[in-house]
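J.: Provided below for reference: sequence and predicted model.
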Amino acid sequence: MLIDTVDGIPVITDDRVDRTARAERDEADRHPFGSAEKQAFCCG
């Protein structure tokens with residue numbers, strides 16, 4: 001999110017999704033995008 005203020009434009013990020021199920025996401029990211037292995041993690 002960007003907020004334009006008189007002091008400038010601060011950037012506020014929310015990384016909660018990135019920290020969710022980190023081990024599972026790392027395992028899925030080992031596989032190429034679109035591969036059957038990656039799809040198994042995504043869509044069961």
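T.: Received, thanks. Numbering: from 1, shown residues only.
J.: for this protein, what helix or strand is lowest in average pLDDT?
T.: helix 16-19 (a mean of 78; mean pLDDT, DSSP states H and E).
J.: any idea which helix or strand comes after that helix?
T.: Remark: after helix 16-19, the chain's next helix or strand is helix 22-29, criterion DSSP states H and E.
J.: residues of the next helix-or-strand element following that following helix that come out buried?
T.: Counting by DSSP H and E, the next helix or strand C-terminal to helix 22-29 is helix 36-43. Residues Lys38 are the ones in helix 36-43 that count as buried (16 or more other C-beta atoms under 10 Å). Heads up, the C-betas are built off the backbone N, CA and C, glycines and all.
J.: report the central residue of the protein.
T.: Asp18 (4.2 Å; C-alpha atoms, centre = their mean).
J.: for that residue, give its distance to Gly8.
T.: 25 Å (C-beta to C-beta, to the nearest Å).
J.: what distance do you get for Ile3 to Ile12?
T.: Ile3 is 7 Å from Ile12, by C-beta to C-beta.
J.: and those two? which has more neighbours close in?
T.: Ile3 (10 against 7; other C-beta atoms under 10 Å).
J.: what sits closest to the more buried one if chain neighbours are left out?
T.: What sits nearest to Ile3 in space, not counting adjacent residues and going by C-beta to C-beta, 6 or more residues apart in numbering, is Pro10, at 5.9 Å.
J.: got the phi and psi for the residue located most distally from the centre of the chain?
T.: Most distant from the centre of the chain: Val6, at 30.9 Å, with distances by C-alpha atoms, centre = their mean. Main-chain torsions, Val6, degrees, to the nearest 10: phi -70, psi -20.
J.: likewise Gly8?
T.: According to degrees, to the nearest 10, Gly8 has phi 130, psi -160.
J.: okay, it: pLDDT?
T.: pLDDT, Gly8: 82.
J.: just Arg22 next, same as before
T.: Confidence for Arg22, expressed as pLDDT, is 85.
J.: next one: Arg30
T.: Looking at Arg30, the pLDDT reads 90.
J.: which ones are touching it?
T.: Applying C-beta atoms under 8 Å, 6 or more residues apart in numbering to Arg30 gives no contacts.
J.: nothing else from me, thank you.
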